[in-house]
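Participant: sequence first, then the predicted structure, then my questions.
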Number of protein chains: 4
Amino acid sequence: MIYGASNFEQPIRWGMVGGGLGSQIGYIHRSAALRDFNFNLVAGAFDIDAERGRDFGLRLHVAPERCYKDYKEMFAAEAAREDGIQAVSIATPNFTHFEIAKAALEAGLHVVCEKPLCFTTEEAKELERTAAAQKKIVGVTYGYAGHQLIDQARRMIANGELGAVRIVNMQFAHGFHNVAVEANTPSTKWRVDPKYAGPSYVLGDIGTHPLYLAEVMLPDLKVKRLMCSRQSFVKSRAPLEDNAYTLMEYDTGAVAMVWSCAVNCGSMHGQKIRVIGEKASLEWWDEQPNQLRFEVQGEPVRILERGMGYLHPEALAEDRIGGGHPEGLFEAWSNLYNRFALAMTAADEGQGVDFWYPDIHAGLEGVRWVENCVRSADQGAVWVDYK
Amino acid sequence: MIYGASNFEQPIRWGMVGGGLGSQIGYIHRSAALRDFNFNLVAGAFDIDAERGRDFGLRLHVAPERCYKDYKEMFAAEAAREDGIQAVSIATPNFTHFEIAKAALEAGLHVVCEKPLCFTTEEAKELERTAAAQKKIVGVTYGYAGHQLIDQARRMIANGELGAVRIVNMQFAHGFHNVAVEANTPSTKWRVDPKYAGPSYVLGDIGTHPLYLAEVMLPDLKVKRLMCSRQSFVKSRAPLEDNAYTLMEYDTGAVAMVWSCAVNCGSMHGQKIRVIGEKASLEWWDEQPNQLRFEVQGEPVRILERGMGYLHPEALAEDRIGGGHPEGLFEAWSNLYNRFALAMTAADEGQGVDFWYPDIHAGLEGVRWVENCVRSADQGAVWVDYK
Amino acid sequence: MIYGASNFEQPIRWGMVGGGLGSQIGYIHRSAALRDFNFNLVAGAFDIDAERGRDFGLRLHVAPERCYKDYKEMFAAEAAREDGIQAVSIATPNFTHFEIAKAALEAGLHVVCEKPLCFTTEEAKELERTAAAQKKIVGVTYGYAGHQLIDQARRMIANGELGAVRIVNMQFAHGFHNVAVEANTPSTKWRVDPKYAGPSYVLGDIGTHPLYLAEVMLPDLKVKRLMCSRQSFVKSRAPLEDNAYTLMEYDTGAVAMVWSCAVNCGSMHGQKIRVIGEKASLEWWDEQPNQLRFEVQGEPVRILERGMGYLHPEALAEDRIGGGHPEGLFEAWSNLYNRFALAMTAADEGQGVDFWYPDIHAGLEGVRWVENCVRSADQGAVWVDYK
Amino acid sequence: MIYGASNFEQPIRWGMVGGGLGSQIGYIHRSAALRDFNFNLVAGAFDIDAERGRDFGLRLHVAPERCYKDYKEMFAAEAAREDGIQAVSIATPNFTHFEIAKAALEAGLHVVCEKPLCFTTEEAKELERTAAAQKKIVGVTYGYAGHQLIDQARRMIANGELGAVRIVNMQFAHGFHNVAVEANTPSTKWRVDPKYAGPSYVLGDIGTHPLYLAEVMLPDLKVKRLMCSRQSFVKSRAPLEDNAYTLMEYDTGAVAMVWSCAVNCGSMHGQKIRVIGEKASLEWWDEQPNQLRFEVQGEPVRILERGMGYLHPEALAEDRIGGGHPEGLFEAWSNLYNRFALAMTAADEGQGVDFWYPDIHAGLEGVRWVENCVRSADQGAVWVDYK
Ligand SMILES: NC(=O)c1ccc[n+]([C@@H]2O[C@H](COP(=O)([O-])OP(=O)(O)OC[C@H]3O[C@@H](n4cnc5c(N)ncnc54)[C@H](O)[C@@H]3O)[C@@H](O)[C@H]2O)c1
Ligand SMILES: NC(=O)c1ccc[n+]([C@@H]2O[C@H](COP(=O)([O-])OP(=O)(O)OC[C@H]3O[C@@H](n4cnc5c(N)ncnc54)[C@H](O)[C@@H]3O)[C@@H](O)[C@H]2O)c1
Ligand SMILES: NC(=O)c1ccc[n+]([C@@H]2O[C@H](COP(=O)([O-])OP(=O)(O)OC[C@H]3O[C@@H](n4cnc5c(N)ncnc54)[C@H](O)[C@@H]3O)[C@@H](O)[C@H]2O)c1
Ligand SMILES: NC(=O)c1ccc[n+]([C@@H]2O[C@H](COP(=O)([O-])OP(=O)(O)OC[C@H]3O[C@@H](n4cnc5c(N)ncnc54)[C@H](O)[C@@H]3O)[C@@H](O)[C@H]2O)c1
């Protein structure tokens, strides 16, 4: 149970790039990081529009001289300060992630980066090398993975409660972009333009979320080959897709399906994962994240609830309120930022950590998956060996 | 509203092949046919074991001399009677359907046949020709299609309430066969043996059910190409699959996915269909068949209920009890048998009917789909043109 | 598992009073009784309008001379026949039940009577005496009780799986009568007129349904006192209520609440029962009758499904189709009529039966409960000792 | 949409009494208040054990000299400081609320107090007078009311979308205290002891939560009379109840039922409110707080979702993340603390506010209701005029 006491004597000095006023995701970064005195927001280049970013920074009680016009200025100026930032979060459109993350690592900062980490596995590996050289950690905000029942699922599977896993069905399929809303929505506009979004829209934007949940739950599975069929139902989005099916074969013989969709009318999120083993299945839905269905063949379906004593102790450790009171996405992110903080501090002390979190490797895997999907799709939705 | 009054002065004289004591599906045929005085059960060859079949027939109040040892004897003897049967239902394992249905048609009988209608499109076409020549109808028991909300969905789509259809997701994915239950279950044993089951297990056994729902809802869509990936998780079932994903492309540019599975641990049926249009989606689940979700993008999800005045009149016509009282699978089948009876009578009078029902064409399409799926799967899950 | 074979060499010869064309409940009586060759419909006085009743009877394939103008004529004429009816079902408005049931018993018939059995406990006791004297059985159609999971609940409670029962919450709360629909609906008109409906509307019309479910599940509980508060939200219905809360205390110290309502806008049925014991709760909802929630404190909620091997054998005995395929209200009624038939035959042979069904005692208890509720309500919703 | 920018140049200087390490509710106070730079935690008397409280305060980064041994010391010392606290939150067991809140107001502090505000309406009125005299606000943490769909419901009802309200059903019915867990749980122990808990257990502890939701949704309804029946199923809890039913009549003729229960085995929270009008109903459940059911009689049920454009603008104003991403209880509390902060600042400027929040009046009404319930229950569950 978390009561809000800081893990540290001194919070980590922290800055942000992007995530300004009006950004979809900036607030949840701050809300998660600042909770519980683990980070202190002391600097920022919050906006592509420097002035707007500065105004916003002031309203976040950042000192005026530490509201920077861009990340370059910030990294330079902060590096020069005794009390300069130790970590930075990057919440900008996709095409900037690589260059900002690289610069941040080179400036000696720990990094929390939005997904997708970058556009190519080449880039991801370069970031991995840089992070290793700099002894810095990179966290990637696959935020849903912070829900404690995801960890519960991982432990149940590891304990053999499902038997050998056969099938993994994943989906993230919302309906908000059933028409060309991008015409009037800046947050959507860049997402459907390959220059800014990268080689895919829904695959990278949302499909990688349940994919990462599967990686957490099933850390040992390796994709052997996959095929991906993608469509642009709103024609102007081509070549980027607003719907995609990906089929996968793992090296164990297990198979998987990922449905990524932004034109699933009427659906709010539709992010689900179902893991089917020889004996039992587990199912989780991000819109009701406090429940996990456990379905043993031949027994009544069981609905596991967050916060209950029958869960694994580790899946209870990050509770912030008793069971029955719904925790939401903010708690999931807070859990991740909590782990990021611990990992950063450990790294600074030359140590590793004994818990999982979405790290540079997770970021790389997401990029790799998109790359393989696109390669398959562009050849006519054929099977391709995973590489 | 149906009050149980017969459609006819004289019920149709009716016999059964198969569907004996212990068969999974025999009872629902009788229960549906005999309801409402539309059919009269007067003859039968109910069992592969003639004696057991005869005993059972007697308990169904069939006259002793009309409890036959096999279908051949029955068709011959009944043809010789003034009051011989006019129609027959075939509820035997798959491999017998073709020969029995053919013989029945040739004996001048209307036929209700279990799915799959037969093993190959060649056979299906032969049945089609025979039926046409004999001026007899063939109904195929895609029983779920008899639920009235399926008809409601068809009408809403036809009315443009979804806009152009983009995506159709289907599944029938239960968990009852997660292990080799066939060792001790005769009903399952023949299903996993190609000699008796045909070229597929789950594709033909269950996948064709939601496929037919899609055909009812979307009568104009034509499959252009598909790809199918199938697995035998219980190894002894190979070459027949217990899991399969099928991706499809329609000629309009719409796409579809069908998940057929018998190893989905913990799931009872898991038969669902979701049709996604430009503006809205419809979703139906066979375990709660009295509800239909209607999800217009940007509006609250609506849950339509059977029996309510806001439905299309045709989707109310077959109500047997007021809304709120759950109708179940027996009512769905009763609705189909009701339509079969009307179609048979109309055919006898040289007329057609102005309502849909799962007919020989539906049977043929199911067989064709399995054939295409298997062709794709056997080439390594590649795309094949639909033929 | 029921396969539709008759329990008997000869079906019981059966007639109906009421339940004509357009009646809400007549069809389900026929559909349940005629299923499985247990009853044979050979006579009827189906309608208050003799001609309409006769026309309808003919369409049910009843012989013209056995379509009677009223129940008196029917009972007399049938008594005079060798092959006269042996049992009759009464599906007429409430105020006629007593006189028709009495006449039927006196005519030597077994009776299935709609609820409420009559208007007063005095009348109910008279029927009880008459039935005993005549050695005839009286079944009362608390139809929902025929769902097999109700029997499952009874057995689980008897087995101590809930511990001592503390609380029973019941409700039947639909919204169909939120305005004065009776102006244009004959079926509703008599229900809100004390002359035809009796001393209550929703208490007797719907509240007694979950009450009977509680009696089945908890056969040993005795009400000690109760209080009832009733309202007529549609004013013209006064003195009859369209909403009522009843609180009850049992002799064990357990308590109960019954919410009966016809103005619960938007609700289809809202019939639910939740039994709460020291250790666990059970909950059942009539709109999803194939599921039963079993909630052990400190364990994940379990959802029991009809047709599954983990249920008590008796709760599986009346399955008509495998689990996962939804059975509906018609199957529940069929189960009751099946038991009625067995009880009638046993009675004729001077024997009792070892299964429960809603009998004359159940009918009497429903009437008693309404009487007590009304007595409380009319004194200002005060507590009254149960008598 | 809230992006985390503070409402103020300077956060409100804030302290806490109670809510220490291990307390159920302390963390959510801090998490809600500290979010978004509206409050700054600068002082505290966090624990009945002064040393433990001090240790904990330090881990919350409170200055050592401002970790006080008790509230008296804190109020005195802080009053003496230039930068002393301006507001205090009280998260201690019930019996201390009155004296601490009174002292806080007298020390010139704004107060956020846990429910129940105090033990008697006399006390509540005294607090009301003191607050008025001191021109300070008192917020009471009926935290669920901060969910935005509660405000949506209020506005829909005010707009007449339900028609005149007839029935309000409320419940808060969990199962965590089905046995005498208090033996080993300090947080429960005081709750079942009248000396510390006040005149009731579940009525005041949980029943007042949905009661307040009803007050928010239906600000004009006045209770005319009520009756309450309460039980102590765990006998050692007597005279305090662990189950209670309360029936109420409003002056408009509408009626209500409140079920308060801590022995509802298997239920997590079971906090629900259903408001039924002439035309439509609204239903909300605290375990899925992002959904609101809107059920117009004769139309399909609609499920409203947080964050969607069809909601009232005011019900969107406090969104912190897009629709579909679940917000949880922490966001609800954050919204209340946000309003508390605005109300405090307005009061300091001699102004009122144009939004609602759970204020001293709400606190008083909760106490009044418990008082009336207990008065009824103690006379044998009779109707009492509300006073
Ligand atoms: N993890 C998740 O669940 C999740 C959810 C939404 C978005 N995202 C990711 O977050 C990132 C941002 O997405 P968004 O939806 O918030 O986008 P957005 O367009 O809503 O906001 C982007 C923000 O970045 C700022 N910005 C742009 N370029 C900048 C630059 N060079 N320097 C500084 N600031 C700059 C903009 O001013 C804006 O404030 C994307 O990579 C997206 O994929 C992740
Ligand atoms: N429409 C549906 O929803 C549905 C559901 C289940 C089964 N089915 C189909 O129904 C058919 C039967 O399946 P089942 O599950 O009832 O099988 P089953 O094995 O349970 O029963 C088969 C019955 O047919 C009898 N039989 C076998 N060969 C016969 C013959 N030559 N002549 C006469 N009787 C014979 C057997 O004695 C037995 O009574 C299959 O084709 C199956 O695909 C359809
Ligand atoms: N068990 C249940 O779940 C359930 C459900 C609905 C109704 N009911 C009960 O069934 C009974 C009938 O209700 P309904 O809704 O069908 O009513 P209805 O008004 O819809 O139908 C009544 C039928 O009885 C006929 N009738 C009336 N008086 C008659 C007479 N003297 N002789 C012969 N026929 C006569 C009418 O012509 C009509 O066909 C009522 O007692 C009602 O409480 C029970
Ligand atoms: N609003 C809600 O939803 C909600 C939920 C839970 C509890 N509560 C209320 O919050 C209050 C606290 O409940 P809890 O469950 O956290 O109790 P708890 O017993 O878990 O914690 C009480 C805390 O108060 C401290 N404390 C006790 N006396 C004190 C004193 N005199 N001075 C300073 N600290 C003192 C204790 O050390 C402990 O840290 C109660 O009034 C309860 O009704 C409200």
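Facilitator: Good, I have the coordinates. Residues are numbered from 1 along each chain as shown, chains lettered A, B, ... in the order given. Ligands and ions are numbered 1, 2, ... in the order given.
Participant: quick one, what contacts the spatially most central residue of chain A?
Facilitator: For chain A, the residue lying nearest the average C-alpha position, counting by CA atoms, centre = their mean, turns out to be residue A:142 (1.4 Å). Residue A:142 makes contact with A:115, A:208, A:209, A:212, A:213, A:336, A:358, A:362, A:366, according to CB atoms under 8 Å, 6 or more residues apart in numbering or on different chains. Quick note: C-beta positions are derived from backbone N, CA and C, even for glycine.
Participant: touching, the fifth one and residue A:282? I think so.
Facilitator: This means residue A:213. No. Taking contact to mean CB atoms under 8 Å, the distance of 10.8 Å between residue A:213 and residue A:282 leaves them out of contact.
Participant: and the nearest residue to residue A:68 once chain neighbours are set aside, how many residues sit next to it?
Facilitator: Nearest in space to residue A:68, with sequence neighbours left out and distances taken as CB to CB, 6 or more residues apart in numbering or on different chains, is residue A:74 at 3.8 Å. For residue A:74, the count of nearby residues is 26 (other CB atoms under 10 Å in any protein chain shown).
Participant: how much space separates residue A:74 from ligand 3?
Facilitator: Residue A:74 sits 72 Å away from ligand 3, going by CB to the nearest ligand atom, to the nearest Å.
Participant: element containing that residue?
Facilitator: Residue A:74 belongs to helix A:71-79 when assigned by DSSP states H and E.
Participant: distance from the chain centre to that helix, please.
Facilitator: Relative to its chain's centre, helix A:71-79 lies at 25 Å (CA atoms, centre = their mean, to the nearest Å).
Participant: list the buried ones in stretch A:27-37?
Facilitator: Residues of stretch A:27-37 classed as buried by neighbour count (16 or more other CB atoms under 10 Å in any protein chain shown): A:27, A:28, A:29, A:30, A:31, A:32, A:33, A:34, A:35, A:36, A:37.
Participant: show me the contacts for the last one.
Facilitator: If I follow you right, that is residue A:37. Neighbour list for residue A:37: A:4, A:5, A:6, A:8, A:11, D:60, D:61 [criterion: CB under 8 Å, 6+ apart].
Participant: return the backbone torsion pair for the third one.
Facilitator: Geometry field for residue A:6 lists phi and psi as phi -70, psi 150, criterion degrees, to the nearest 10.
Participant: also the fifth one?
Facilitator: In terms of degrees, to the nearest 10, the main-chain angles of residue A:11 are phi -60, psi 150.
Participant: before we move on, back to that, helices and strands around the helix holding residue A:74, which ones?
Facilitator: For helix A:71-79, the elements it packs on are strand A:12-18, strand A:39-45, strand A:87-91, helix A:97-106, judged by 3 or more CB pairs under 8 Å, 6 or more residues apart in numbering or on different chains; DSSP states H and E.
Participant: do that again at 7 Å, thanks
Facilitator: Secondary-structure packing of helix A:71-79 (3 or more CB pairs under 7 Å, 6 or more residues apart in numbering or on different chains; DSSP states H and E): strand A:12-18, strand A:39-45, helix A:97-106.
Participant: which one of these lies nearest to residue B:121?
Facilitator: Each of the helices and strands packed on helix A:71-79 has some distance to residue B:121 by CB to CB; the shortest is helix A:97-106, at 52.0 Å.
Participant: what residues does that closest one touch?
Facilitator: When contacts are defined by CB atoms under 7 Å, 6 or more residues apart in numbering or on different chains, helix A:97-106 is touched by residues A:17, A:71-72, A:75, A:88, A:90, A:92, A:111, A:113-114, A:117-119, A:123, A:127, A:130-131, A:134, A:136, A:138.
Participant: gap between that helix and the chain center?
Facilitator: In terms of CA atoms, centre = their mean, the centre of helix A:97-106 is set 17 Å apart from its chain centre.
Participant: the very next helix or strand once past it and ligand 1, are they touching?
Facilitator: Next in sequence after helix A:97-106, counting helices and strands by DSSP H and E, comes strand A:110-113. No. Using CB under 6 Å from any ligand atom, we find that strand A:110-113 stays clear of ligand 1, coming within 8.5 Å at best.
Participant: who does strand A:110-113 pair up with?
Facilitator: The strands that strand A:110-113 pairs with in its sheet are strand A:87-91 (parallel), strand A:138-140 (parallel) (by DSSP bridges).
Participant: most tightly packed of those strands?
Facilitator: By mean neighbour count, with neighbours taken as mean count of other CB atoms under 10 Å in any protein chain shown, strand A:138-140 ranks first of the strands paired with strand A:110-113 at a mean of 28.
Participant: got a list of what the residue of the stretch 151-300 of chain A found nearest ligand 3 touches?
Facilitator: Ranking the residues of the stretch 151-300 of chain A by distance to ligand 3 (CB to the nearest ligand atom) places residue A:300 first, at 28.3 Å. Contacts for residue A:300 (CB under 7 Å, 6+ apart) come out as C:294, C:302, C:303, C:304, C:305, C:310.
Participant: ignoring the adjacent residues along the chain, who's closest to it?
Facilitator: What sits nearest to residue A:300 in space, not counting adjacent residues and going by CB to CB, 6+ apart, is residue C:302, at 3.9 Å.
Participant: just residue A:369 next, same as before
Facilitator: Distances taken as CB to CB, 6+ apart put residue A:211 closest to residue A:369, at 5.8 Å, once the chain neighbours are dropped.
Participant: ok, that neighbour touching residue A:367?
Facilitator: No. In this structure, residue A:211 is not within contact of residue A:367 by CB atoms under 7 Å, at 11.2 Å.
Participant: any idea where the helices of the stretch 101-250 of chain A begin and end?
Facilitator: Remark: helices of the stretch 101-250 of chain A, listed N- to C-terminal, are A:121-134, A:148-158, A:186-189, A:194-197, A:202, A:208-217; assignment by DSSP state H, counting those that start in this stretch.
Participant: wait, I meant the stretch 251-387 of chain A
Facilitator: Listed in chain order (using DSSP H, counting those that start in this stretch), the helices of the stretch 251-387 of chain A are A:329-348, A:360-378.
Participant: contacts only, for residue A:357.
Facilitator: Contacts for residue A:357 were tallied using CB under 7 Å, 6+ apart; they are A:139, A:336, A:339, A:340, A:343.
Participant: for the residues you listed, work out which two are farthest apart.
Facilitator: Between any two of the contacts of residue A:357, the greatest separation by CB to CB is 10.2 Å, found for A:336 and A:343.
Participant: higher neighbour count, the two?
Facilitator: A count of neighbours by other CB under 10 Å puts residue A:336 above the other of residue A:336 and residue A:343, at 24 against 20.
Participant: so for the more buried one, what's the pLDDT?
Facilitator: Looking at residue A:336, its pLDDT is 98.
Participant: residue A:363 versus that one, what's the distance?
Facilitator: Look at residue A:336 and residue A:363: by CB to CB, to the nearest Å, they are 13 Å apart.
Participant: not counting its neighbours along the chain, what's nearest residue A:18?
Facilitator: Of all residues beyond its chain neighbours, the one nearest residue A:18 is residue A:92 (3.4 Å), with distances taken as CB to CB, 6+ apart.
Participant: might you report the residue contacts of the one you found?
Facilitator: Under the criterion of CB under 7 Å, 6+ apart, the contact partners of residue A:92 comprise A:17, A:18, A:100.
Participant: among the residues you listed, who's most crowded?
Facilitator: Within the contacts of residue A:92, most neighbours by other CB under 10 Å means residue A:17, with 31 neighbours.
Participant: was I right about it contacting residue A:69?
Facilitator: No. Counting by CB under 7 Å, residue A:17 sits too far from residue A:69 to count as a contact (11.5 Å).
Participant: anything in contact with each of the two?
Facilitator: With contacts defined as CB under 7 Å, 6+ apart, the residues adjacent to both residue A:17 and residue A:69 are residue A:45.
Participant: what does the stretch 151-300 of chain A put close to chain B?
Facilitator: Taking CB under 7 Å from any CB of the partner chain, the part of the stretch 151-300 of chain A that reaches chain B is made up of A:166-167, A:175, A:178, A:229, A:231, A:233, A:243, A:245, A:247, A:255, A:257, A:263-267, A:276-281, A:295-297.
Participant: all set, thanks.
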